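Novice: 3D, please:
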Amino acid sequence: QVQLVESGGGLVQAGDSLRLSCAASGRTFSTYGIGWFRQAPGKERELVAVVNWSGGSRYYADSVKGRFTISRDNAKNTVYLQMNSLKPEDTAVYYCAADHSWPPRSSGWDFWGKGTLVTVSS
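Specialist: You can find the predicted model right below:
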């Protein structure tokens, strides 16, 4: 069992940066890949970025490639999503999730956080 809590969301202007954190509890955290999803109002949930259990492999959606960076610190049971050059279309609730599958899958993840809201104004 893994419990996930997101933090770091907020209101920023276009071009700004923001770092999200996903704090996990559970002794098996370091065995899970961790992903960040987002869901904007009226849109389907989108897989944004994933880091595998060791931090050695990453996946990024095309929409964030080159702007977002995912990393993890297993000693701190935390995964980060550094978001640079934010755009209004990045506005969404961001969720972190845990799963053992690799390559990452777009649905069916094992554990979810409750989300943190990111709003980017133009």
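Novice: quick one, helices of the chain?
Specialist: Counting by DSSP state H, the chain has no helices to list.
Novice: centre-most residue in it?
Specialist: W36 (2.2 Å; Cα atoms, centre = their mean).
Novice: am I right that that one is in contact with I70?
Specialist: Yes - using Cβ atoms under 8 Å, W36 makes contact with I70 at a distance of 6.5 Å. Heads up, the C-betas are built off the backbone N, CA and C, glycines and all.
Novice: any common contacting residues for the two?
Specialist: A49, V50, V79, L81 (Cβ atoms under 8 Å, 6 or more residues apart in numbering).
Novice: top of those by neighbour count?
Specialist: Most neighbours among the shared contacts of W36 and I70, by other Cβ atoms under 10 Å: V79, with 29 neighbours.
Novice: let me see the contact set for it.
Specialist: S21, C22, A24, I34, W36, V51, I70, S71, R72, D73, C96.
Novice: okay, it and S25: tell me how far apart.
Specialist: Using Cβ to Cβ, to the nearest Å, V79 is found at 13 Å from S25.
Novice: once you drop chain neighbours, what's closest to P103?
Specialist: Using Cβ to Cβ, 6 or more residues apart in numbering and skipping the chain neighbours, the partner closest in space to P103 is Y59 (7.2 Å).
Novice: what's the burial count for C22?
Specialist: Neighbours around C22, by other Cβ under 10 Å: 26.
Novice: typo on my end, it should be Q13
Specialist: Residues lying near Q13 (other Cβ under 10 Å) number 11.
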